[in-house]
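In: Below is the sequence, then the predicted model.
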Number of protein chains: 2
Amino acid sequence: MKIILDAMGGDNAPDAVVRGALEAAKEFGVQIVLVGRGADILASMKAQGWDTLPDGVELANAEDVVDMHCDPAAVVKQHPNSSLVLGARMLAQGGGDAFISAGNTGALLTAATLLVKRIRGIRRAAFSPVLPTKDGHAILIDAGANAECTPEFLLQFGCMGSFYAQKALGIESPRVGLLNNGAEDTKGDPLHREAHQLLKRAAEQGTIHFVGNVEARDVPFGAADVIVADGFSGNVLLKTMEGTAMFMSDMMKQMFYRNPLTMLGALLCKKGINGIRKTMDYRETGGSIVIGISRPVIKAHGSSDDAAIRGAIRQAIRAVESGFCEEIRANIGQMILPREEEHAE
Amino acid sequence: MKIILDAMGGDNAPDAVVRGALEAAKEFGVQIVLVGRGADILASMKAQGWDTLPDGVELANAEDVVDMHCDPAAVVKQHPNSSLVLGARMLAQGGGDAFISAGNTGALLTAATLLVKRIRGIRRAAFSPVLPTKDGHAILIDAGANAECTPEFLLQFGCMGSFYAQKALGIESPRVGLLNNGAEDTKGDPLHREAHQLLKRAAEQGTIHFVGNVEARDVPFGAADVIVADGFSGNVLLKTMEGTAMFMSDMMKQMFYRNPLTMLGALLCKKGINGIRKTMDYRETGGSIVIGISRPVIKAHGSSDDAAIRGAIRQAIRAVESGFCEEIRANIGQMILPREEEHAE
C-alpha cells in the first residue's frame, strides 16, 4: 500500500509532516510518497537527524505551495505544480492508494473533486470528521463541504457515512441520525423534513439503520454513530464542540494552576486529566475523510503535529483496506432519486 | 412592577416555580402573579411552609395546563384556560409588565405572538438565550424560534439583539457577529451572504456595531456580544454547547470520583470547580428572552429549579426597566427593507 502525503500542508509543515510520515512508514510498514519542495523536505529531514530517505519513503518534487489564502475554486488551474494539486493528481493516476493533506481545506476538496473525481452517481463529496462521544466515536457527515444541500445530498451522506462507519470503523449496523432542531419526525425546515423521509425510506429498504432526528445536545452522548448534517449546521456542530471543549479545558487549567494546593490536586487526578485530554484530542481520531471521492482522501487538521499526521496515515490505511469506496459504488442505486422526484424538490 | 409567572410550566412545577417566585418577591420587592391551578399552588405553598399568600403575590386561577405534547400552533384555541395562554393574555391586557414560563417552548412563542403580538414591523420573534463566554456573556439570537429565515429576519435579529444587549445587559456598543461557516465576508449560503451585507449596511448607518462573520469555535471566547443566527444553526450552536459542557462535566466528575486520592484532589480544587459550575450554569444567566414581542416574555429552562426561576424573574425585571422594547420600536425604520428589495430576496 502506498500513501501520498502533502508535505507542505498545515501550520507545522514540512517538519511535522516529515516526522509523522517517517515514523508511520516504520510503524505501519506502508510505502509513503512525500510531495513537496524537495530541498525543504530534505533539509527538514536532515535537521531531524535523517540523512537519507528510508526504505519505503519516496519524494515527489512539487515547487509550488498552496497557502490558506489561495482561492479554492481556482487552485487546480492556478497552482498545477503545488504539492496539494500534484498529490491529488498522483492519486487519480494510480500513483498511490490514498492522499492526505493538512493544507487548505477548500482547495483539497476542489482538487479531489476535479482530479480524483466523485464516485459516479454521488452528487457531492462531504467532509467527515470523527467526533468523540461517551462510549467511543461518531462520524459527522457533512462538516462543511456543502453549505447548501438538497434532500438527496443528505440521503447520500447518510448512506455513505453508514458504509464508512461499517467498513472502516467496524461498527456492525451503524445508527444513522439526522441532525435536526428537535427529535420529532416533523421538526426542521423543508430540507430536513424531506431528508428525514428519504432516510426513513432507505431504512425501510434495508440500506441503512436510521434512528431518526438527533438533537445536537445528544451527539456527545452517543445518540447515533453517523450524524447526517447539511454542511452549514454540521460545521456549526463541529466548531461549537471544539470551541466549548477548548473553553472548558482552559477553565480546568486555571482551576488546577490556581495555587500549590490545586496543583497537588492536579497531580492526584493526573490519570483522569489524561483521559479527558485523550478523549477530546483530534490527534487520536485522525482527520476528516472526504467521503464520496473515488479513492480515500483525508484532510488532516491544519495544526497537525507529527502524532496527528501519524493518526491520519493510520486512518488512511484503514480506509484503503476497508474498501468503503467500492462499497459505496456497489450500492449507488439505492442512493439516487428518480429524476422526477429530484425535480420536485 | 408586576411579573406574571406560569406556575404550571416546567419539569419541577409548581413547587420550584412557587418557591422561586416567593423568594424573588421578597428579595427584589416586585409584585408577582402566579397563574395556574389555585388548589395545586396553595397546596405546594403549604407543603413548603407558607400558609397564606405573602404581600405582593397574587394568584390567578387557570384550570388547564399545556404540556410538552400540546401542538404549539393550536394552543391558544385548544387551551384558552391554560396557565400559559392566560398568562400571555394577562400581559397583553396590561395585567403585568412581563411574562415568564418554563413550559412548552413552541406554545409560549405562539401565545406571545398571537396575544401579546410582535412589535409593529418586526417580521419574526426570536429566542435569545445568554451564553457563557471567557470574559462574561454573549446573547444568541435566534436560538430556534425560526428554522427558516430570510436575510431581513437576520438583519432584524442583529438590531434587536444589539438594543437588548445595550439596554438590558449594559454593554455600551455591543459587537454584533453573524454565525457563519467561515470568517471571510463571502462565506456561507446565499441567506448568510445577503444577511452579511444587510448587517454591514446597518453598521455603516450607525445602527449597530457589526464585527462580521463569527465562527462557532470562537463564540465561547467572546468573538461577539450578540451572535446572530438563523434559528436552525443557532439551535445547533446552543445545544452543542450544552451537550459538550455536560459531556465534559461528566468526565470531570469521573476524574474526581475515581478514588480517595482524586477526591482529595477535588477538595483542593473546590473553588475552581465551583467557578466552572457557575460559569456554565444556566440558572445564573436566566432564561431565553423572546425578542421582538411588544412586551418582555421569557422562556425559563424546562428543568428550572427555584434558583433558575429567581434568575428569570431578575432578568424580567431588568428587561422591563431597560425599556428595550421601546428602543426597538423607536428604531424600527432602520430594520425594515424597502419592499422591492424584500421581493428581490
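Out: Cool, the structure landed.

In: need the strands for chain A, in chain order.
Out: A:2-6, A:31-36, A:57-61, A:98-101, A:126-128, A:130-133, A:136-141, A:175-179, A:209-214, A:226-228, A:288-291, A:297-299 (DSSP state E).

In: tell me what the third one is packed against?
Out: What it means is strand A:57-61. Here strand A:57-61 touches helix A:15-28, strand A:31-36, helix A:38-47, helix A:83-92, going by 3 or more CB pairs under 8 Å, 6 or more residues apart in numbering or on different chains; DSSP states H and E. Quick note: C-beta positions are derived from backbone N, CA and C, even for glycine.

In: Please convert those to CSV, extending it with distance to chain B.
Out: Shown next, in CSV, are the helices and strands packed on strand A:57-61 (distance: least, CB to the nearest CB, whole Å):
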stretch, distance to chain B
helix A:15-28, 21
strand A:31-36, 26
helix A:38-47, 28
helix A:83-92, 19
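
In: any chance of these in JSON lines, plus mean neighbour count and mean pLDDT?
Out: Below are the helices and strands packed on strand A:57-61 laid out as JSON lines (neighbours: other CB atoms under 10 Å in any protein chain shown; pLDDT from 0 to 100):
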{"stretch": "helix A:15-28", "mean neighbour count": "21", "mean pLDDT": "95"}
{"stretch": "strand A:31-36", "mean neighbour count": "25", "mean pLDDT": "98"}
{"stretch": "helix A:38-47", "mean neighbour count": "16", "mean pLDDT": "95"}
{"stretch": "helix A:83-92", "mean neighbour count": "26", "mean pLDDT": "98"}
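
In: Show me which residues of the stretch 51-200 of chain A sit near chain B.
Out: A:Thr133, A:Lys134, A:Gly144, A:Ala147, A:Glu148, A:Leu179, A:Asn181, A:Lys187, A:Gly188, A:Asp189, A:Pro190, A:His192 (CB under 8 Å from any CB of the partner chain).

In: Please name the residues that touch the last one.
Out: The reference is to A:His192. A:Leu154, A:Leu178, A:Asn180, A:Asn181, A:Asn213, A:Asp230, B:Ala147, B:Phe232 (CB atoms under 8 Å, 6 or more residues apart in numbering or on different chains).

In: Next: the first one.
Out: For A:Thr133, the residues meeting the contact criterion (CB under 8 Å, 6+ apart) are A:Val219, A:Pro220, A:Phe221, A:Gly222, B:Phe247.

In: Would you point out the most distant pair within those?
Out: A:Gly222 and B:Phe247 (9.9 Å; CB to CB).

In: And those two? Which one has more around it.
Out: Neighbour totals were compared for A:Gly222 and B:Phe247, and B:Phe247 leads with 24 against 16 (other CB atoms under 10 Å in any protein chain shown).

In: How confident was the prediction at that one?
Out: Listed pLDDT for B:Phe247 reads 94.

In: Ok, the one 5 residues further on next?
Out: Per-residue confidence (pLDDT) for B:Met252: 93.

In: can you count the residues close to it?
Out: B:Met252: 23 neighbours (other CB under 10 Å).

In: Dump the helices and strands packed on strand A:57-61 to a markdown table, plus distance to B:Ala13.
Out: Shown next, in a markdown table, are the helices and strands packed on strand A:57-61 (distance: least, CB to CB, whole Å):
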| stretch | distance to B:Ala13 |
| --- | --- |
| helix A:15-28 | 55 |
| strand A:31-36 | 62 |
| helix A:38-47 | 64 |
| helix A:83-92 | 58 |
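
In: So which of the ones you listed is nearest A:Met280?
Out: Closest to A:Met280 of the helices and strands packed on strand A:57-61, according to CB to CB: helix A:15-28, at 19.9 Å.

In: and the closest one with strand A:2-6, angle?
Out: 170 degrees (axes from the mean of the first three to the mean of the last three CA atoms, to 10 degrees).

In: distance of the residue nearest to A:Ala125 when sequence neighbours are not counted from A:Phe163?
Out: Using CB to CB, 6 or more residues apart in numbering or on different chains and skipping the chain neighbours, the partner closest in space to A:Ala125 is A:Gly292 (3.7 Å). Using CB to CB, to the nearest Å, A:Gly292 is found at 11 Å from A:Phe163.

In: Quickly list what's touching both of these two.
Out: Taking CB under 8 Å, 6+ apart as the contact rule, A:Gly292 and A:Phe163 both touch A:Ile328.

In: between those two, which one's more packed in?
Out: More crowded of A:Gly292 and A:Phe163, by other CB under 10 Å: A:Gly292, with 29 against 26.

In: list the contacts for that one?
Out: So A:Gly292 contacts A:Arg118, A:Ile119, A:Ile122, A:Arg124, A:Ala125, A:Ala126, A:Gln156, A:Met160, A:Ile328 (CB under 8 Å, 6+ apart).

In: I figured A:Leu5 was touching A:Ala25, is that so?
Out: No. The criterion here is CB atoms under 8 Å, and A:Leu5 misses it with A:Ala25 at 9.9 Å.

In: how's chain A carved up into domains?
Out: Domain segmentation of chain A under automatic domain parsing yields A:1-121+A:292-326, A:123-290.

In: Present those domains as JSON lines; the columns should include distance to B:Leu264.
Out: Shown next, in JSON lines, are those (distance: least, CB to CB, whole Å):
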{"stretch": "domain A:1-121+A:292-326", "distance to B:Leu264": "32"}
{"stretch": "domain A:123-290", "distance to B:Leu264": "6"}
